[in-house]
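Peer 1: Provided below for reference: sequence and predicted model.
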Amino acid sequence: MKPVARRAKLAEEEGWTIMKAKIRWKTKEEGGRKAPPAGCAEAGVHPYTTMMNFRDPPDATPQEVDWSLVVEEVEILHEYEWIADVYFLVKEAPAAELQPGRKFALYEGWRCVATGVVLEEEPTMIIPPTTIECVNQLLKQVPELQSAYDEHLRNNDELLPHVFLGDVTRYVVRQVRSGETGLASPVERILGVLEQCMASGEEYVTELVAVSFIENLYGEDDVVKKLKGLIGPHLEKEIKIHGQ
């Protein structure tokens, strides 16, 4: 998988619509090119740009080819089939038409050299930095959580704060039931960090603690009862909101 090409990145920063598409290049025998074009704007190579025409419905006959489409290779599935970033060369083009499922053809002159379909992209999940900082504080204040964190990364390939806080909740439950709740214990330090997170009032952090810690204690009545003498006012308030 190649990084986003410079031209596509620039277009994205300027607010242009960039979509992923699956491109199938026609071979020379099919009336296409001798070989697919250079696909990525790296090392001074300009991205491939040519005229396009939507082909919906599939049996439609193209009449006029009005707009230039930029095609930047993202992944080569095989020599004549790409996954590519596609976007119009000019902002005046009908960018809203680049919708998932739309089929199109690429032309050099009046010769069709490729066909393509706009793909349905999975939304990119952006993890709020404040939730990452909350986890970092837990690891700093409670190094006993490091092994759980390492296992979390092995299982998920990245930090998922809500999932990890679920792991922390289960750790707290085990520690409480084993009687490990004394002064400066891991449980007390975890509760201290989570109290600070709730006290911050930051939306994503308070949601993290409420949803993935407090709610995960639902049904653990014996644990909640023992925690009530250890928690601060913000955690206590949240526990009451959740009826525990």
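Peer 2: Looks like it came in fine.
Peer 1: okay, CA-based contacts and neighbour counts for the rest of this
Peer 2: OK.
Peer 1: buried sites along the longest helix along the chain?
Peer 2: Longest helix in the chain by number of residues (criterion: DSSP state H): helix 161-177. Across helix 161-177, burial judged by 16 or more other Cα atoms under 10 Å covers 161, 162, 164, 165, 166, 167, 168, 169, 172, 173, 175, 176.
Peer 1: Export the residues you listed to a markdown table and append columns for pLDDT and distance to residue 78.
Peer 2: Shown next, in a markdown table, are the buried residues of helix 161-177 (pLDDT from 0 to 100; distance: Cα to Cα, whole Å):
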| residue | pLDDT | distance to residue 78 |
| --- | --- | --- |
| 161 | 91 | 37 |
| 162 | 90 | 38 |
| 164 | 94 | 38 |
| 165 | 94 | 42 |
| 166 | 91 | 42 |
| 167 | 93 | 41 |
| 168 | 96 | 44 |
| 169 | 94 | 46 |
| 172 | 95 | 50 |
| 173 | 95 | 51 |
| 175 | 95 | 53 |
| 176 | 94 | 56 |
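Peer 1: domain assignment for this structure?
Peer 2: Domains of the chain are assigned by automatic domain parsing as 6-118, 129-241.
Peer 1: Let me see the mean pLDDT of the helix or strand residue 155 falls within.
Peer 2: In this assignment (DSSP states H and E), residue 155 forms part of helix 146-156. The average pLDDT within helix 146-156 is 92.
Peer 1: quick one: strands adjacent to the longest strand belonging to the chain?
Peer 2: Longest strand of the chain, by residue count under DSSP state E: strand 67-78. If you go by DSSP bridges, strand 67-78 pairs up with strand 48-54 (antiparallel), strand 81-88 (antiparallel).
Peer 1: As TSV, the ones you listed with mean pLDDT would be great.
Peer 2: Formatted as TSV, the strands paired with strand 67-78 follow (pLDDT from 0 to 100):
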stretch	mean pLDDT
strand 48-54	90
strand 81-88	89
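Peer 1: Around residue 241, count how many other residues there are.
Peer 2: By the criterion of other Cα atoms under 10 Å, residue 241 has 11 neighbours.
Peer 1: ok, back up a step: and the domains of the chain, which one is worst for confidence?
Peer 2: domain 6-118 (a mean of 79).
Peer 1: That one: how far from the chain's middle?
Peer 2: Here domain 6-118 is found 24 Å from its chain centre; the criterion is Cα atoms, centre = their mean, to the nearest Å.
Peer 1: name the element residue 21 belongs to?
Peer 2: strand 19-25.
Peer 1: ok, back up a step: which residues sit against the helix holding residue 155?
Peer 2: Applying Cα atoms under 8 Å, 6 or more residues apart in numbering, the contact partners of helix 146-156 are 139, 158, 159, 164, 167.
Peer 1: Appreciated, that's everything.
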